[in-house]
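Student: Any chance you could fold what I've pasted below:
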Amino acid sequence: MTRLTLAIDAMGGDFGPCVTVPAALQALASHSELFLLLVGHPDTLTPLLAKADSSLTGRLQVIPAESVIASDARPAQAIRNSRGSSMRVALEMVKEGRAQACISAGNTGALMGLSTLLLKPLDGIKRPALMSVLPHQQQGKTVVLDLGANVDSDSAMLVQFAVMGSVMAEHVLGIPRPRVALLNIGHEETKGLESIRDAAVMLRESPQINYIGYLEGNELLTGKTDVMVCDGFVGNVTLKTMEGVVRMFLSLLKSSGEAKKRSWWLRLLGRWIQKRLAKRFGQLNPDQYNGACLLGLRGTVIKSHGAANQHAFAVAIEQAEQAVRQQIPERIAARLDAVLARSDKA
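Tutor: Next comes the predicted model:
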């Protein structure tokens with residue numbers, strides 16, 4: 001693939017174009033084969049591009065949009081009134097084949113609903129799931145889903161999430177026959193919701209999935225599994241809690257006013273410890289893995305954190321590029337065909 005075109009909802013998120021435009025230029029500077037469609041208000045976007053290098057703006061096109069979906073809008077109402085919005089226009093670029101992926105930091109519920117409406121789920125997928133790749137303490141990564149697209153998920157959906165997560169782990173992380181676990185409140189087979197126990201039975205009986213059993217929340221970052229599966233409610237709470245703890249921990253590494261009162265050798269020792277810890281745990285900074293992929297659709301959609309800064313949004317653009325180049329929707333469709341065909345025979 002020589003040229004890759006991505007559509008960006010430039011108006012979405014807490015900071016809108018102040019973040020998305022610089023991030024887009026950063027991505028263009030890093031990838032010479034990238035072409036971006038910035039969807040939003042031309043009067044807002046154009047001034048932010050005025051001082052940019054012509055070699056970058058030559059691979060960028062502003063696509064006009066009439067409105068912006070508010071971050072606090074109710075999804076159903078936002079979808080009904082979405083025509084002409086930057087989010088919908090960006091998704092329509094993918095539907096029409098003018099772009100290979102869409103990236104937005106806007107309203108999650110609206111993005112989920114519009115993506116499902118416009119791009120349609122793959123055959124065999126009830127509802128798409130939000131997936132992210134998180135670093136773990138063994139210097140590797142774990143695929144985690146669902147992270148909030150589906151508050152309530154039945155056993156069949158959890159199995160579908162496992163299939164999609166396995167494909168991501170294989171083709172994006174390069175892990176052969178990735179280990180799959182269900183997030184639960186204990187390791188015992190009798191624990192957890194009925195949907196989780198039923199999903200465990202189905203996964204154990206599927207030779208297509210390397211299922212290893214239940215894991216608890218405190219094992220998320222240990223590297224014991226390559227794919228962690230849960231419903232969207234549990235996944236979102238788990239992710240936000242983890243991110244909050246990591247941000248607090250990293251903030252504690254910064255020098256405080258109290259350090260000035262210490263002797264010179266204590267300050268020197270403190271700075272050395274801070275640098276060592278920052279280097280060791282800096283990979284856990286949420287900005288380094290921003291961008292959740294909405295898996296299970298006939299196209300690629302990336303949801304960025306609404307509060308993402310320039311670096312974090314650029315990471316989300318990278319996620320979209322990687323998913324497109326690895327042909328993730330097509331690979332998931334092929335894997336689902338194999339799993340469903342075996343299930344029919346059974």
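
Student: quick one, what contacts L91?
Tutor: By C-beta atoms under 8 Å, 6 or more residues apart in numbering, L91 lies in contact with A7, C102, L114, S115, L118, L119, V301. All C-beta atoms are positioned from the backbone trio N, CA, C, and that covers glycine.

Student: and those residues as JSON lines, adding secondary structure and pLDDT?
Tutor: Shown next, in JSON lines, are these (DSSP: H, G, I helix; E, B strand; the rest coil; pLDDT from 0 to 100):
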{"residue": "A7", "secondary structure": "strand", "pLDDT": "98"}
{"residue": "C102", "secondary structure": "strand", "pLDDT": "98"}
{"residue": "L114", "secondary structure": "helix", "pLDDT": "96"}
{"residue": "S115", "secondary structure": "helix", "pLDDT": "96"}
{"residue": "L118", "secondary structure": "helix", "pLDDT": "97"}
{"residue": "L119", "secondary structure": "helix", "pLDDT": "96"}
{"residue": "V301", "secondary structure": "strand", "pLDDT": "97"}
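
Student: neighbour-wise, which of those residues leads?
Tutor: Counting neighbours by other C-beta atoms under 10 Å, C102 comes out on top of those with 32 neighbours.

Student: what bridges to that residue?
Tutor: C102 forms beta bridges with A7, V301, as assigned by DSSP bridges.

Student: is it true that it touches A7?
Tutor: Yes - C102 is within contact range of A7, at 4.8 Å (criterion: C-beta atoms under 8 Å).

Student: what residues do the two have in common as contacts?
Tutor: Common contact partners of C102 and A7 (C-beta under 8 Å, 6+ apart): A90, L91, M93, V94.

Student: picking that back up, possible to save the contacts of L91 as a markdown table with distance to A316?
Tutor: Formatted as a markdown table, the contacts of L91 follow (distance: C-beta to C-beta, whole Å):
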| residue | distance to A316 |
| --- | --- |
| A7 | 13 |
| C102 | 11 |
| L114 | 17 |
| S115 | 15 |
| L118 | 20 |
| L119 | 18 |
| V301 | 11 |
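
Student: buried residues in the lengthiest helix in the chain?
Tutor: The helix that spans the most residues within the chain, counting by DSSP state H, is helix 232-252. Neighbour-count burial for helix 232-252 flags G232, V234, G235, N236, T238, L239, M242, E243, V246, L250 (criterion: 16 or more other C-beta atoms under 10 Å).

Student: Report the two of those residues separated the most.
Tutor: Greatest spatial distance among the buried residues of helix 232-252 (C-beta to C-beta): G232 and L250, at 26.5 Å.

Student: tell me which of the contacts of L91 is nearest to D152?
Tutor: Comparing the contacts of L91 against D152 with C-beta to C-beta places S115 closest, at 19.0 Å.

Student: residue ranges of the strands in the stretch 101-250 of the chain, please?
Tutor: Secondary structure of the stretch 101-250 of the chain (DSSP state E, counting those that start in this stretch): strands located at 101-104, 129-135, 141-145, 179-183, 210-215, 227-229.

Student: Make a markdown table from those strands and add distance to V167 to it.
Tutor: Below are the strands of the stretch 101-250 of the chain laid out as a markdown table (distance: least, C-beta to C-beta, whole Å):
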| stretch | distance to V167 |
| --- | --- |
| strand 101-104 | 16 |
| strand 129-135 | 10 |
| strand 141-145 | 9 |
| strand 179-183 | 11 |
| strand 210-215 | 13 |
| strand 227-229 | 10 |
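
Student: Relative to A70, which of those is closest?
Tutor: strand 101-104 (13.3 Å).

Student: For that closest one, name the packing helices and strands.
Tutor: Helices and strands touching strand 101-104, by 3 or more C-beta pairs under 8 Å, 6 or more residues apart in numbering; DSSP states H and E, are strand 4-9, helix 86-95, strand 300-303, helix 310-325.

Student: Can you tell me what sits against stretch 142-153?
Tutor: 108, 112, 127-136, 157, 161, 164-165, 168-169, 173, 178, 195, 220-221, 223, 225-233, 235-236, 238-239, 292, 294-295.

Student: let's see 7 Å
Tutor: Residues outside stretch 142-153 that contact it (C-beta atoms under 7 Å, 6 or more residues apart in numbering) are 108, 112, 127-134, 136, 157, 161, 164-165, 168-169, 195, 223, 225-233, 235-236, 239, 292, 294-295.

Student: what are the bridge partners for the residue positioned nearest the centre of the chain, then?
Tutor: Geometric centre of the chain, nearest residue: A292, 0.9 Å, by C-alpha atoms, centre = their mean. Here A292 sits in beta bridges with K303, going by DSSP bridges.

Student: Just give the nearest non-adjacent residue to E92, would you?
Tutor: Sequence neighbours aside, L118 is the residue nearest to E92 in space, at 6.5 Å (criterion: C-beta to C-beta, 6 or more residues apart in numbering).
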